[in-house]
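> I would like to see how this sequence folds:
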Amino acid sequence: MPALEDRIFTQFLLDVPELFEDAVDRIKIFCNDPDRSSLGFTTLSELIELRPPARPFCLKILLAYCLHKDERPRSSAITTANKWFPVHPVIGGEVESFALQSLKQLTQEVPPPTYDYHYHHSEVSELAKEEVKDEEKKWTQIDVERHLDLFLSLCAKKRQLFEKLVSIYIESSDSIQKFIRNYSQKIIDTIGLTGLIELFQTFPDGAEDFVLRLLIVYTNKTVQPPTQLINTAKSVIVQRNLDGRFLFPIIAYFEKEEILRHLPKVILTLDATEKQREIVKKVFSKIITISAKTPTPLEPRELLVFLHQLKQNEVPLKHSVEAIHVCFKLTNIFTSQILGAVLQHLSVQPELPPPFMRTVTLSVRAYKNLSGFVNELLLRYINQIWQNEMLRKGFILYCTEYCLKIQPNDFKFLLRLPKTQILDVLEQSDSTLKKQFRNTILESNADQRRLLPGYLIELLEINN
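Alright, predicted model coming up:
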């Protein structure tokens, strides 16, 4: 609680006939003291309101505190300044002007010099001044936040002001844009759902990353995003042909048919980086996880089948394959039962899809217990596989991995292949397979070797 002499001094400032700037400057002492700051800002407020001649330099002090690096005095100053906006025709206008000026400064290469919050200028040594100057040469997250706080408090009362922030964001450097995006939660708290929807409907080119970040932050904080937001975002994504990143926060809340229609855009964001795979993995997980958020989820089997059936003129094969790999990272979802069902479904289609053999290999690599089922499936469709060059090469790679790594030195599956296929596999695969196969045959007894077809004995150069 402020001491009696402090209250007497502030009352003196309110009552004295002529008020000098140096006397008002002493109020900084109160504003800087956590125990007396309330009295300091109250005194400034009353001087601004009741002593018009002293208003300019009192308001200058108050507004300077709206940029203070310490959040506590900054918040107190903003609360004080905010009460005049927009109701007071003069003071409210000056507060708005200062907020816009502070916002505009974000486009400058370096932050403006820090206001001297000390009563005695001599209290700051020359060395300290130099250190402050060095700090001020580069924008920091705190700098950006303190230049935004007053402005955002005004936006809560005058929403159309928010357009200014969007414009400044576009004009700013990449580092400033990142700092602004980092403040998304505070911005969302300011503009609310209505403001976010309006922004999504009207944002200009260049603000995509900003709007996307706001959308992500908002949806992450809600159990079920409002239907109005989802429908607005969905509509704008289609109208403006926005890239798949905008679907990440909301696609899990679409109807099943809409998910399948928009999913190619999500897949096209894959770029062979682990970071993007992790992002798409999270999207896939949301889509196929049954919860209150997704009353009509896409089943894991449906997702994996869909990825195999994508048209290559819409989604390049490399993206489809990468998306399939992402599914295999969701080991708790894509179980051996689901993978078996997917392979069975794909095998009975009029044509085996190009990524089929890749999925076969990944499935058996993940679950060895699938190998028996898979091998029978492959033998059944071996002729169809050999009619497609990509599938044929995939089969040869599968045989190599199966016989050398998955079931080392187990060549029973290889021996069940027709002559054309087994010769192709041995001649076109890694030479290690042929060498290991030959060694295994040599280690068998004569009776076992006599059971081998002559063309294999000849190919492997084995003397009986």
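> I'd say Gln201 and Ala233 touch.
No: applying C-beta atoms under 8 Å, one finds Gln201 not in contact with Ala233, separated by 9.6 Å. For every residue, glycine as well, the C-beta is placed using N, CA and C.
> more neighbours, these two?
Neighbours per residue (other C-beta atoms under 10 Å) separate Gln201 from Ala233, with Ala233 holding more: 26 against 12.
> How about the contacts made by the closest residue to the more buried one other than its chain neighbours?
Counting by C-beta to C-beta, 6 or more residues apart in numbering, Ala233 lies nearest to Ile250, which is 5.4 Å off, once chain neighbours are set aside. Ile250 makes contact with Leu215, Thr219, Pro225, Leu229, Ile230, Ala233, Lys234 under the criterion C-beta atoms under 8 Å, 6 or more residues apart in numbering.
> Okay, buried residues for stretch 330-339 please.
Leu330, Ile333, Phe334, Ile338, Leu339 (16 or more other C-beta atoms under 10 Å).
> what would these look like in TSV with distance to Leu39, pLDDT and secondary structure?
Shown next, in TSV, are the buried residues of stretch 330-339 (distance: C-beta to C-beta, whole Å; pLDDT from 0 to 100; DSSP: H, G, I helix; E, B strand; the rest coil):
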residue	distance to Leu39	pLDDT	secondary structure
Leu330	59	97	coil
Ile333	60	95	coil
Phe334	65	97	coil
Ile338	68	97	helix
Leu339	71	98	helix
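> would you list those residues in TSV and tack on distance to Pro89?
Shown next, in TSV, are the buried residues of stretch 330-339 (distance: C-beta to C-beta, whole Å):
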residue	distance to Pro89
Leu330	60
Ile333	61
Phe334	65
Ile338	68
Leu339	71
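> Which one of these is nearest to Lys282?
Leu330 (9.8 Å; C-beta to C-beta).
> Report how many residues lie close to the residue nearest to the closest one when sequence neighbours are not counted.
Take Leu330 and drop its neighbours on the chain: the residue closest to it by C-beta to C-beta, 6+ apart is Ser285, 6.0 Å away. Counted with other C-beta under 10 Å, the neighbours of Ser285 add up to 17.
> Show me the contact partners of the helix or strand where Ser285 lies.
Using DSSP states H and E, Ser285 falls within helix 274-288. Here helix 274-288 makes contact (C-beta under 8 Å, 6+ apart) with 247-248, 251-252, 259, 263, 266-267, 269-270, 293-294, 297-300, 303, 322-323, 325-327, 329-330, 333.
> Which strands or helices does the biggest helix by length in the chain pack on?
Assignment by DSSP state H gives helix 184-202 as the longest helix of the chain. Packed against helix 184-202, as judged by 3 or more C-beta pairs under 8 Å, 6 or more residues apart in numbering; DSSP states H and E, are the following elements: helix 141-155, helix 162-171, helix 208-220, helix 227-239.
> Identify whichever of those lies nearest to Asp25.
Nearest of these (C-beta to C-beta): helix 141-155, 21.4 Å.
> Now do the closest one against helix 162-171: the angle between them, please.
150 degrees (axes from the mean of the first three to the mean of the last three C-alpha atoms, to 10 degrees).
> Next, the angle from helix 141-155 to helix 184-202.
Using the same axes, to 10 degrees: helix 141-155 against helix 184-202 is 60 degrees.
> So which bits of helix 141-155 are buried?
Result for helix 141-155 [16+ other C-beta under 10 Å]: buried residues 143-155.
> Let me have those residues in CSV, adding pLDDT and distance to Asn375 as columns.
Shown next, in CSV, are the buried residues of helix 141-155 (pLDDT from 0 to 100; distance: C-beta to C-beta, whole Å):
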residue, pLDDT, distance to Asn375
Asp143, 97, 64
Val144, 98, 60
Glu145, 98, 61
Arg146, 98, 66
His147, 98, 66
Leu148, 98, 63
Asp149, 98, 66
Leu150, 98, 70
Phe151, 98, 67
Leu152, 98, 63
Ser153, 97, 68
Leu154, 97, 70
Cys155, 96, 65
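> What residues of the longest helix of the chain count as buried?
Ser184, Ile187, Ile188, Thr190, Ile191, Gly195, Leu196, Ile197, Glu198, Leu199, Phe200.
> Stretch 398-409 too?
Tyr398, Cys399, Thr400, Glu401, Tyr402, Cys403, Leu404, Gln407.
> I figured the fifth one was touching Leu417, is that so?
No: applying C-beta under 8 Å, one finds Tyr402 not in contact with Leu417, separated by 11.7 Å.
> and the host helix or strand of Cys327, what does it pack onto?
Counting by DSSP H and E, the element that carries Cys327 is helix 317-329. If you count contacts as 3+ C-beta pairs under 8 Å, 6+ apart, helix 317-329 packs onto helix 256-267, helix 274-288, helix 300-308, helix 356-366.
> List every C-alpha atom in it, with coordinates, as CSV.
This file holds the C-alpha atoms of helix 317-329, laid out as CSV (Å, rounded to 0.1, in the frame of the first residue of the first chain):
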residue,chain,number,x,y,z
LEU,A,317,3.4,-41.8,-57.7
LYS,A,318,6.3,-40.7,-55.5
HIS,A,319,3.8,-38.8,-53.3
SER,A,320,1.4,-41.7,-53.1
VAL,A,321,4.3,-44.0,-52.1
GLU,A,322,5.5,-41.6,-49.5
ALA,A,323,2.0,-41.3,-48.0
ILE,A,324,1.9,-45.1,-47.8
HIS,A,325,5.1,-45.1,-45.9
VAL,A,326,3.6,-42.6,-43.5
CYS,A,327,0.8,-45.0,-42.8
PHE,A,328,3.3,-47.6,-41.7
LYS,A,329,4.6,-45.2,-39.1
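> Buried ones in that helix, by neighbour count?
Quick answer for helix 317-329 (16+ other C-beta under 10 Å): His319, Ser320, Val321, Glu322, Ala323, Ile324, His325, Val326, Cys327.
> Nice, that's everything, thank you.
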